[in-house]
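Enquirer: any chance you can model this:
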Amino acid sequence: MARQLFFAVTLIGIGMFLNSSAQAGGDAARCEDHAANCVGRCANPGGGANQNKCMWYCDRQVTRCLIRVHGATSR
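Expert: Below is the predicted model:
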């Protein structure tokens, strides 16, 4: 029983380690997903001109996210 518990804890630890390194490269993609979700919530009465406050807000949020990701990877 102790051996099975040891293997289970070891596998969980390895999985957490691999998952943390995989998330480091996917942050830019997460920013893009966030942008798509944000834009999807905006009403767009301008017919695609993107000249309303909601679209500007989404642009600022995505820009902040991408700057944060780029700053974290360059350190």
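Enquirer: the residue at minimal distance from the centre of the chain sits in which helix or strand?
Expert: Relative to the mean C-alpha position of the chain, the nearest C-alpha, by C-alpha atoms, centre = their mean, is the one of Arg30, at 2.6 Å. Per DSSP states H and E: Arg30 is located in helix 27-41.
Enquirer: and Trp56, by the same measure?
Expert: Assigned by DSSP H and E, Trp56 falls within helix 53-74.
Enquirer: pLDDT weak spots in this protein?
Expert: Applying pLDDT under 70 to the chain flags the ranges 17-26, 44-50, 72-75.
Enquirer: hmm, back to that, what helices or strands is the helix holding Arg30 leaning on?
Expert: Judged by 3 or more C-beta pairs under 8 Å, 6 or more residues apart in numbering; DSSP states H and E, helix 27-41 is in contact with helix 53-74. Just so you know, the C-beta spots here come from the backbone N, C-alpha and C atoms, and that holds for glycine as well.
Enquirer: show me which positions of the helix it packs on end up buried.
Expert: Met55, Cys58, Val62, Cys65, Leu66, Val69 (16 or more other C-beta atoms under 10 Å).
Enquirer: quick one: residues contacting the residue nearest to the fifth one when sequence neighbours are not counted.
Expert: With sequence-adjacent residues excluded and distances taken as C-beta to C-beta, 6 or more residues apart in numbering, Leu66 is closest to Cys31, at 5.2 Å. By C-beta atoms under 8 Å, 6 or more residues apart in numbering, the contact list for Cys31 reads Val62, Cys65, Leu66, Val69.
Enquirer: one more time with 10 Å, if that's ok
Expert: Neighbour list for Cys31: Gln61, Val62, Thr63, Arg64, Cys65, Leu66, Ile67, Arg68, Val69, His70 [criterion: C-beta atoms under 10 Å, 6 or more residues apart in numbering].
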